[in-house]
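[1] Everything below, folded, please.
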Amino acid sequence: MNADPEDIGVHRRRALAAMDTGDAWPKDSPWLRDAVEDLPRDAFAPDTVWTWDGHAWRRVHRAGDPHAWARLVHAGPDDATITEITDGVPSSSLSCTSIVVDMLDSLDLEPGHRVLELGTGTGWNAALIAHRVGPTGHVTSVEAAPTLATGAAATLARAGARVDVRVGDGALGWAPAAPYDRLIATYAVDRVPRAWIEQTTPGGDIVFPWTRLGYFALTTAKDGRSASGWLHGLAQFMNARGTPTTPTHRHIRADRDPDHQRPLTRDPRPLHDNAHLMWALRLRLPDVLFDTTADTDGVHVRLHDGAESWATISTPPNGPAIASQGGPRRLVDELEDVWDAWIEAGAIGLYDHGMTITADDEQFIWAGDSDTGPRWPIPARAEVGTG
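    All right, here's what the predicted structure looks like:
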């Protein structure tokens, strides 16, 4: 049986009310609420979505469990809806509504704009863009997966959204329809492809997720070859298709006993709830992955470097947290060194960071001032395709 339209309507209204209650609509883009209401998520969701049951990803079919399907599609403002699993890992989603509207607010869209979107997915984000730019604008959306592109094109047509969906490599942009007033990527990159800048008009905006934590909004310079801008928000994004799968903590540790254990001399809670610290660690230890959980005992942390070194920070019911480390690197020691240096430097806030891409394709993150502030180079590497 299909989801009851009335039941879907209940979930739609609940999701909108949660956005209202949480004051999650961007103040400078009032058009976004109307667009989300006119183009609801369920109109772009596939008949099968996925949920994590604590052990594995499980399919939820619209026909088999319409209530669960509707709840997952219209989840909370900060909850994504997983729409595809590849090799046991989420590979496509309907991004959470709060992040979608924040990124579109950062894109500063106006009627008549020509826009390139990279990573079509279900087509919902492209439909919202088309709603804003209107009949005098133009939206091109590039998707690497042919099946997703075909499905999104059909869904967009049913919704009456004017979007030109193309199959291609997002790192190459889409030159035939360039230049664009705005460019947005819906998947994370480690380094900004040169084509994105070259295909955006001088003064145009480029919004994209960078690595595992945040998204930037850059403005192209008058030369059409360089760009600079600020970090605009935090969120986790899926990587581009073709990005090698990152090993997990379990794979790196491989049931090995720790080589070293010691009490942690500080409260680990900021590792879980201080976004400014988490950003600082990500920026200064780019090859170290860490995740945290919290329970009644406190915060627990898992770290690894994707190679041989791993660590955990566990908080027992009584007493200080314990750091356990294995492999050639002492990751907790490195983390604490960065933590101390960040505090000594004045605990720079995450929104004090920006990114610059020069005409010679030097790319770096900076803090405070792009010319005089501290900077962290972004290493060159081969680009991979769109997400």
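[2] now the helices for the stretch 201-350 of the chain?
    Counting by DSSP state H, counting those that start in this stretch, the stretch 201-350 of the chain has these helices, from start to end: 249-253, 270-273, 275-284, 331-344.
[3] mind giving me CSV with those helices and columns for distance to residue 82?
    Placement of C-beta: from N, CA and C, glycine included. Output for the helices of the stretch 201-350 of the chain, formatted as CSV (distance: least, C-beta to C-beta, whole Å):
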stretch, distance to residue 82
helix 249-253, 21
helix 270-273, 23
helix 275-284, 23
helix 331-344, 29
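[4] what's the closest of these to residue 41?
    Closest approach to residue 41 among those (C-beta to C-beta): helix 275-284, 25.9 Å.
[5] State whether residue 326 and residue 249 are indeed in contact, as I suppose.
    No: shown here, residue 326 and residue 249 do not form a contact pair, counting by C-beta atoms under 8 Å, at 10.8 Å.
[6] Could you count how many residues lie near residue 321?
    23 (other C-beta atoms under 10 Å).
[7] Retrieve the pLDDT associated with it.
    Model confidence at residue 321, given as pLDDT, is 94.
[8] Do I have it right that it meets residue 268?
    Yes: applying C-beta under 8 Å, one finds residue 321 in contact with residue 268, separated by 5.1 Å.
[9] Can you check which residues contact both of those two?
    298, 299, 313, 315 (C-beta atoms under 8 Å, 6 or more residues apart in numbering).
[10] Looking at those, state which has the most neighbours.
    In the shared contacts of residue 321 and residue 268, the most neighbours by other C-beta under 10 Å go to residue 313, 23 neighbours.
[11] How about that residue: what's its closest non-neighbour residue?
    Distances taken as C-beta to C-beta, 6 or more residues apart in numbering place residue 301 nearest to residue 313, at 4.0 Å, with adjacent residues excluded.
[12] looking at the sheet around that neighbour, what are its partners?
    residue 292, residue 313 (DSSP bridges).
[13] I'd like the average pLDDT over stretch 17-33.
    Across stretch 17-33, pLDDT averages out at 96.
[14] related to what we said a few turns ago, hey, what's in contact with both of residue 326 and residue 249?
    Common neighbours of residue 326 and residue 249 are listed as residue 310 (criterion: C-beta under 8 Å, 6+ apart).
[15] mind listing what's buried in the strand ranked longest in the chain?
    Using DSSP state E, we find that the single longest strand of the chain is strand 200-210. Within strand 200-210, the residues that count as buried by 16 or more other C-beta atoms under 10 Å are 200, 201, 204, 205, 206, 207, 208, 209, 210.
[16] so the last one bridges to which residues?
    Note on residue 210: beta-bridge partners by DSSP bridges are residue 189, residue 214.
[17] buried sites along stretch 270-277?
    Taking 16+ other C-beta under 10 Å as the neighbour-count basis, stretch 270-277 is seen to contain the buried residues 271, 272, 276, 277.
[18] Tell me the gap between it and the middle of its chain.
    The gap between where stretch 270-277 is centred and where its chain is centred comes out at 18 Å by C-alpha atoms, centre = their mean, to the nearest Å.
[19] Please save the CA atoms from stretch 247-254 in CSV.
    Extracted in CSV, the C-alpha atoms of stretch 247-254 (Å, rounded to 0.1, in the frame of the first residue of the first chain):
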residue,chain,number,x,y,z
PRO,A,247,39.1,2.6,6.7
THR,A,248,37.2,2.5,10.0
HIS,A,249,38.6,2.6,13.5
ARG,A,250,37.8,-1.1,13.8
HIS,A,251,39.8,-1.9,10.7
ILE,A,252,42.8,0.1,11.8
ARG,A,253,42.8,-1.3,15.3
ALA,A,254,42.1,-4.9,14.2
